[in-house]
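**Q** Need a 3D model of the sequence below.
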Amino acid sequence: MTLDRDYTYVMPSPPVVRINQFLNLLWALLSKYVNAGEVIDKAAFEKLFVYSLSWSLAGLFENEDREKFHKFLESRNAPLPPIQANRTAIDKETIFDYYVDETTKQWKLWEAESWTPPKRIKFSQLLIPTGDSTRVEYIVNKVANLPDMRHERRKEPGHRNALLVGGPGTAKTSNLVIYSNKFDPEEMLFKRINFSSATTPYNFQESIEAEVEKKQVRTFTPPGGKRMTVFLDDVSMPFVNLWGDQITLEITRQLIEQKGFYFLSKDERGYFRGIEKMQFLAAMNHPGGGRNDIPHRLKRHFFSINMTPPSQKSIENIYGRILEVLFNPKKYTPEVINMRPYLIDATIAIWDAVKRRLLPTPTKFHYTFNIRELARVFQGICNVAEKPEYKVIESCLNIKEKMRPELFLIALWRHECDRTFIDKLISNNDKKTFTDMLDRVTKEKFRESLGFDDEQLMTNMLFADF
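**A** As a prediction, the model looks like this:
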């Protein structure tokens, strides 16, 4: 099997970098047992070996290639998780949905961490953990806890940094922010730097220098001797010059590789400024289609993971939790509360249908429908649900048509779908296509389950917030 020939990497990665990632992750998983003086058996080691191999060689695959890679491992009798046939066929579960439990040394399915909703819900600021975010956080944390120096004699630093690669709306930034929110502020500081095409080496150096203080003559550390994690968001954005270089990323590489850069002040220009106790996280879009890649010399310092589009299970988990909090039994009737699963199922169905049917073309390049469109539909519903004091939903019985609350929510849902999807379409034919899909999904998801006839369901109400 040749990986580059048989599989598609979302970002080019040299074989030597993949092998380096494999050794780093395997060492990160084994170090717990080494430090404790615990001897593990052959079966446990093989599971850790296969887990590390999968994420280092296939971590930059999309879901389809991950399923293909799982089948390849299966054909080689690798010690894979015992996945039932129906879970493989329906939920598309693979080795990437499991990890090796440190206590039992057995495969365990990733599950989302518990989430405590804030007292005041601001939809755009919600960060809800999912199974996808939990597994990424696990790998990022394992790599981040590797030793500072991988080889003392060669003065070779450890590769403790992680890079998330993904398309728009795959929660790259959100996952790293969730991870950083768990830092102990007494031990670890956090600095976020947003890169753009206008970010220069000087801008980057200034941003780093503003966060450190002098420890010795030309050695600097974060304040209070603490460690600092620097998050480089949109790291591939810096401008590519005529020679194909991204000079901003060269000084970034210098900081990571040589632990410092040179003074720019007139008095000390030419002397090296050492910067210690820093590690890095980064996020970027898939390269290609006009989007930049990053140099291989920078990639080799990161453990790279592709953020795949969220699974239906993750989407149901995210919006199910939000609607569960907003459609509170203390504020709403059982008829309203029972609409939660129907709204989630219908929204996923229309979103999936639009993605498959209305594809981008050179004249419709903006026809990309990711999880952000899904979020906008739910945000409109939540804007109404989070203000029970206005009794918008309950008051629907008082209007001229005397609508049931369930039908009122369907009308609200159809309105939000129109505003999210139709407003993005540029031709009447595409708008008619979407309207037909919306009508079909409305009938499929609400007619039989709620007992409404077709005429009632085809609402065209408009909603506004004054």
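
**Q** Next secondary structure after the lowest-mean-pLDDT helix or strand in the chain?
**A** Scoring the helices and strands of the chain by mean pLDDT, DSSP states H and E places helix 85-90 at the bottom, with a mean of 68. Tracing the chain past helix 85-90, the next element assigned as helix or strand by DSSP states H and E is strand 98-100.

**Q** Tell me the helices and strands packed up against that following strand.
**A** Applying 3 or more Cβ pairs under 8 Å, 6 or more residues apart in numbering; DSSP states H and E, we find strand 98-100 packed against helix 42-58, strand 107-109. Where C-beta positions appear, they are placed from N, C-alpha and C, glycine not excepted.

**Q** quick one: strands adjacent to that strand?
**A** Strand 98-100 pairs in its sheet with strand 107-109 (antiparallel), by DSSP bridges.

**Q** how about the next helix or strand after the strand it pairs with: buried residues?
**A** Using DSSP H and E, the next helix or strand after strand 107-109 towards the C-terminus is helix 131-144. By neighbour count on 16 or more other Cβ atoms under 10 Å, the buried set for helix 131-144 is 131-137, 139-140, 142-144.

**Q** These: which two are farthest apart?
**A** Farthest-apart pair in the buried residues of helix 131-144 is Gly131 and Ala144; separation 20.4 Å (Cβ to Cβ).

**Q** a markdown table for the helices and strands packed on strand 98-100, including distance to Gly380?
**A** Below are the helices and strands packed on strand 98-100 laid out as a markdown table (distance: least, Cβ to Cβ, whole Å):
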| stretch | distance to Gly380 |
| --- | --- |
| helix 42-58 | 37 |
| strand 107-109 | 33 |
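
**Q** Reformat these as TSV; add distance to Asp454 and mean pLDDT.
**A** Supplementary listing: those in TSV, determined by distance: least, Cβ to Cβ, whole Å; pLDDT from 0 to 100:
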stretch	distance to Asp454	mean pLDDT
helix 42-58	47	96
strand 107-109	41	93
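
**Q** and those, which is most packed in?
**A** Most buried of the helices and strands packed on strand 98-100, by mean neighbour count (mean count of other Cβ atoms under 10 Å): helix 42-58, with a mean of 19.

**Q** Using CSV, write down the CA coordinates of that one.
**A** Extracted as CSV, the C-alpha positions of helix 42-58 are listed here (Å, rounded to 0.1, in the frame of the first residue of the first chain):
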residue,chain,number,x,y,z
LYS,A,42,2.1,-7.2,24.4
ALA,A,43,-1.6,-6.8,23.7
ALA,A,44,-1.8,-3.4,25.3
PHE,A,45,1.3,-2.2,23.5
GLU,A,46,-0.1,-3.3,20.1
LYS,A,47,-3.3,-1.3,20.7
LEU,A,48,-1.3,1.8,21.6
PHE,A,49,0.9,1.2,18.6
VAL,A,50,-2.0,0.9,16.2
TYR,A,51,-3.7,4.0,17.8
SER,A,52,-0.6,6.1,17.3
LEU,A,53,0.0,4.7,13.8
SER,A,54,-3.6,5.6,12.7
TRP,A,55,-3.5,9.2,13.9
SER,A,56,0.0,9.9,12.6
LEU,A,57,-0.5,8.3,9.2
ALA,A,58,-4.2,8.9,8.6
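
**Q** if we look at it, which residues are touching it?
**A** Residues from elsewhere that reach helix 42-58 (Cβ atoms under 8 Å, 6 or more residues apart in numbering): 3, 7, 18-19, 21-22, 24-26, 29-30, 40, 65-66, 69-70, 73, 78-80, 95-96, 98-100, 105-107, 139, 303, 305.

**Q** Might one say that Met237 is in contact with Phe204?
**A** No - between Met237 and Phe204 there is no contact under Cβ atoms under 8 Å: 11.8 Å.

**Q** quick check: mean pLDDT across the helix or strand hosting Thr435?
**A** Using DSSP H and E, Thr435 falls within helix 428-442. The average pLDDT for helix 428-442 rounds to 92.

**Q** helices or strands next to it in the packing?
**A** Using 3+ Cβ pairs under 8 Å, 6+ apart: helix 428-442 touches helix 340-357, helix 405-421.

**Q** would you turn those helices into CSV with distance to Arg376 and mean pLDDT?
**A** Below are the helices and strands packed on helix 428-442 laid out as CSV (distance: least, Cβ to Cβ, whole Å; pLDDT from 0 to 100):
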stretch, distance to Arg376, mean pLDDT
helix 340-357, 10, 89
helix 405-421, 5, 88
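
**Q** highest average neighbour count across those helices?
**A** Of these, helix 405-421 is the most buried (mean count of other Cβ under 10 Å), at a mean of 22.
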